[in-house]
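**Q** Kindly return the folded structure for what I paste below:
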Amino acid sequence: MAAAVARLPQKRQPAARQRLNDLRFEWASQVMGEVFGLPRLPGAKLVDTRSVDPQRQGIPLAPTGLDGSGIVIDVWQLTDQLPVLVERWALPAMLMPWREGSPVPWVDPEIVAAVYTVIVRTHFPEVLSLRVGHRWRTDREPAGWPFLTRYAVPKLYDYLRPYYDVRGYTHGREKPSPGHFPTALRQDIVDLVKLECPHLAASLALSRVTAIIQRHVRTANPKRPMGFAMFGLRFTDATPEKSEKGPRK
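**A** Prediction:
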């Protein structure tokens, strides 16, 4: 691919080279995602990447090989006791070449991708047998997502909707009609689901809840019970009066 970029006209080479670098970094990120998912058993290796910035984060407790800011990439091997350091890459930061004003430390992603590539080929050759894009194709919603879209969010909406005020709108009508989707209600549904089912609701956003409610309202029976009426029970403060007549003989 690099050879193909070199054969392009001079005007097109900078954009093509940037795209190539982006693809290299994305490929390295995908492969490292597979590395992080490997079983962590004694004898296995793992990779730890951390940023170092003495001015903003303080001086590290252990030497990193850097005098200033940068990125440290460690390869560790697990044992029955403490992990053993196998390899360390200390990548010093440079100042962003395009930023004006206050300098900002920055490590070129192309360098990080090159280091990741060397680490994978040296210590994790087994992940190279996976097809590129494996994690893209399998990055789907959690298995319980249909439960949220078909049951949990619609039922929460039906139960909570009567207790929320919503501003009316006309949409060309002579009289305003009530709205369906109070913002406070939608946000409360997001918060409730994330509180009760955090493992399912990591990607649940306000816009997705709105889409679920819109689909539910279009297909639901407009005369369906809502609020407390969904449970078919009524509790009153009044107590049944005793009959003045005595029991039948």
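**Q** Is residue 91 located within a helix, as I assumed?
**A** No - if the criterion is DSSP: H, G, I helix; E, B strand; the rest coil, then residue 91 is strand and not within a helix.
**Q** host element of the closest residue to it other than its chain neighbours?
**A** Distances taken as Cβ to Cβ, 6 or more residues apart in numbering place residue 71 nearest to residue 91, at 4.6 Å, with adjacent residues excluded. Where C-beta positions appear, they are placed from N, C-alpha and C, glycine not excepted. Taking DSSP states H and E as the definition, one finds residue 71 inside strand 70-77.
**Q** got the buried residues for that strand?
**A** Neighbour counts over strand 70-77 (16 or more other Cβ atoms under 10 Å) mark 70-76 as buried.
**Q** Kindly report the same for stretch 33-44.
**A** Using 16+ other Cβ under 10 Å as the test for burial, stretch 33-44 gives 34-35.
**Q** Please apply the same query to stretch 107-122.
**A** 107, 110, 112-117, 119-120.
**Q** which other residues reach it?
**A** For stretch 107-122, the surrounding residues in contact (Cβ atoms under 8 Å, 6 or more residues apart in numbering) are 21, 24-25, 27-29, 31-32, 35, 47, 70-71, 73, 75, 87, 89, 91-94, 127-128.
**Q** Let me see the ranges of the strands in this protein.
**A** Per DSSP state E, the chain carries strands over the ranges 45-52, 70-77, 84-92, 94-95, 105-106.
**Q** among those strands, which is the most enclosed?
**A** Ranked by mean neighbour count, the strands of the chain are led by strand 70-77 with a mean of 18 (mean count of other Cβ atoms under 10 Å).
**Q** mind listing what that one pairs with, with the direction of each?
**A** According to DSSP bridges, strand 70-77 has the following sheet partners: strand 45-52 (antiparallel), strand 84-92 (antiparallel).
**Q** helices and strands of the chain: which one bottoms out on pLDDT?
**A** When each helix and strand of the chain is scored by mean pLDDT, DSSP states H and E, helix 134-137 comes last, with a mean of 52.
**Q** Including distance to residue 10, could the strands of the chain go into JSON lines?
**A** Output for these, formatted as JSON lines (distance: least, Cβ to Cβ, whole Å):
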{"stretch": "strand 45-52", "distance to residue 10": "36"}
{"stretch": "strand 70-77", "distance to residue 10": "33"}
{"stretch": "strand 84-92", "distance to residue 10": "31"}
{"stretch": "strand 94-95", "distance to residue 10": "26"}
{"stretch": "strand 105-106", "distance to residue 10": "27"}
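**Q** TSV for those, including distance to residue 158 and mean pLDDT?
**A** Shown next, in TSV, are the strands of the chain (distance: least, Cβ to Cβ, whole Å; pLDDT from 0 to 100):
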stretch	distance to residue 158	mean pLDDT
strand 45-52	46	88
strand 70-77	50	92
strand 84-92	54	92
strand 94-95	56	81
strand 105-106	51	78
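**Q** Residues contacting stretch 88-97, please?
**A** 53, 64-75, 103-108, 111-112, 115, 119.
**Q** go with 6 Å
**A** Under the contact criterion Cβ atoms under 6 Å, 6 or more residues apart in numbering, stretch 88-97 has outside partners 64-66, 69-74, 103-107, 115.
**Q** quick one: contacts of the strand holding residue 71?
**A** Under the criterion Cβ under 6 Å, 6+ apart, residues 45-52, 64, 83-93, 107, 115, 123 lie in contact with strand 70-77.
**Q** Return the distance of that strand from the chain's centre.
**A** Mean-position distance between strand 70-77 and its chain equals 25 Å (Cα atoms, centre = their mean, to the nearest Å).
**Q** Can I get that strand in CSV? Just the C-alpha atoms.
**A** C-alpha atoms of strand 70-77 as CSV (Å, rounded to 0.1, in the frame of the first residue of the first chain):
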residue,chain,number,x,y,z
GLY,A,70,5.2,10.9,26.8
ILE,A,71,3.7,7.5,26.6
VAL,A,72,5.0,4.3,28.3
ILE,A,73,4.1,0.9,26.8
ASP,A,74,5.0,-2.1,29.0
VAL,A,75,4.8,-5.8,28.2
TRP,A,76,4.3,-7.9,31.4
GLN,A,77,4.3,-11.6,31.9
